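Undergrad: Below is the structure, and that's it, no one-letter string:
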């Protein structure tokens, strides 16, 4: 039983230290996960800030390019309007020129001569016409120059527009890339948030398990304390049992010695009685007399004037019905001698009278003189 208690205590201590190591490992793992999560969260936040800054710069650049494109379109519209206006003026002047040329060609020779004669009077008119023509030609030349410059500007604007469109396309692609990155970052942040929530749930579960382990640990400590107390009481009880066992063994040895001694005495008495019975039987066959006469005479002479103690009580330990005698557990040590008369009782009622014929230290043999019922082992003798 002590071995079982020791084994239980060892198992409880092993469970306690195992649970303690498990709690330490779980706590270290939790701290490591929290640290990794914090690092990843800081990195993602930094990347998100950089991406938002890039998006802001790209949007500003996009707005600037769109404003520039709008200004260029407005200038192109103005140039196109001026070009159409000057083209109309040029066509009008050209038409007037053609009309004058046709008029000159269709005018008769006499009219031309008359006109020549009348030239001095109309010279001012023609001078104005020529002056106007020269001015129109100058305006036409200027208009052509401006149209050429406008064409060059239009080509440059078209080129700039194409470049701007290419830049806008690149910006759109960059914007889409940034949006994809932002989406990825958002998804990653959401996943991290889910992982964090899961980690919190796991942490709560671990804390619950830790609390349960602490409660179990406390319960195990109480059990260990109770087992230690039980162990001490068991050891004390075991010591008492060992002492009692030694006492019982000693008493058993003494009892065994006493029983063996009494058995030897009973055997001796039996042999003696058998020898006497055989001798008495032979004598009775010759003299036809009863064997009690010599016993009575001897016992009366040996016990004359002797009174047995009033509190002397014994028991019948053996009954021999065939030879009409019993063995009682009273002997010389109790003051019993050959020839003493004793009474046999059962249930406080006398059932027989006996007379001691032989004695030993602790037992005696007695003849049955009178009985009202058969004697049994255990009947009281007084």
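TA: Looks like it came in fine. Keep in mind that what you see is a predicted model, and the values were worked out from it rather than measured.

Undergrad: tell me which residues in the helix or strand where residue 343 lies are buried?
TA: According to DSSP states H and E, residue 343 maps onto strand 341-346. If you call a residue buried by 16 or more other Cβ atoms under 10 Å, then strand 341-346 has these buried ones: 342, 344, 346. To be clear about C-beta, it is placed using only N, CA and C from the backbone, and glycine gets the same treatment.

Undergrad: Let me have those in JSON lines, extended by distance to residue 261 and pLDDT.
TA: Formatted as JSON lines, the buried residues of strand 341-346 follow (distance: Cβ to Cβ, whole Å; pLDDT from 0 to 100):
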{"residue": "342", "distance to residue 261": "22", "pLDDT": "94"}
{"residue": "344", "distance to residue 261": "24", "pLDDT": "95"}
{"residue": "346", "distance to residue 261": "28", "pLDDT": "93"}
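
Undergrad: ok, which stretches of the stretch 101-250 of the chain are helices?
TA: Assigned by DSSP state H, counting those that start in this stretch, the helices in the stretch 101-250 of the chain fall at 109-117, 119-287.

Undergrad: Pick out the shakiest of those, pLDDT-wise.
TA: In terms of mean pLDDT, the lowest-scoring of the helices of the stretch 101-250 of the chain is helix 109-117 (a mean of 49).

Undergrad: circling back to that earlier point, now the helix or strand just after the strand holding residue 343 and strand 341-346, what's the angle there?
TA: Downstream of strand 341-346, the first helix or strand assigned by DSSP H and E is strand 349-359. For strand 349-359 against strand 341-346, the angle by axes from the mean of the first three to the mean of the last three Cα atoms, to 10 degrees is 140 degrees.

Undergrad: So which residues make contact with strand 349-359?
TA: The contact list for strand 349-359 (Cβ atoms under 8 Å, 6 or more residues apart in numbering) reads 269, 272-273, 295-296, 299, 325-326, 328, 331-332, 336-345, 364-373, 375, 379, 381.

Undergrad: Just name the closest of the buried residues of strand 341-346 to residue 172, please.
TA: residue 346 (128.4 Å; Cβ to Cβ).

Undergrad: Distance from the chain centre to the strand holding residue 343, please.
TA: Distance of strand 341-346 from its chain centroid, counting by Cα atoms, centre = their mean, to the nearest Å, is 81 Å.

Undergrad: other SSEs contacting that strand?
TA: strand 349-359, strand 364-371, strand 380-381 (3 or more Cβ pairs under 8 Å, 6 or more residues apart in numbering; DSSP states H and E).

Undergrad: For residue 156, find the nearest of those.
TA: Here strand 380-381 is closest among those (Cβ to Cβ), at 150.8 Å.
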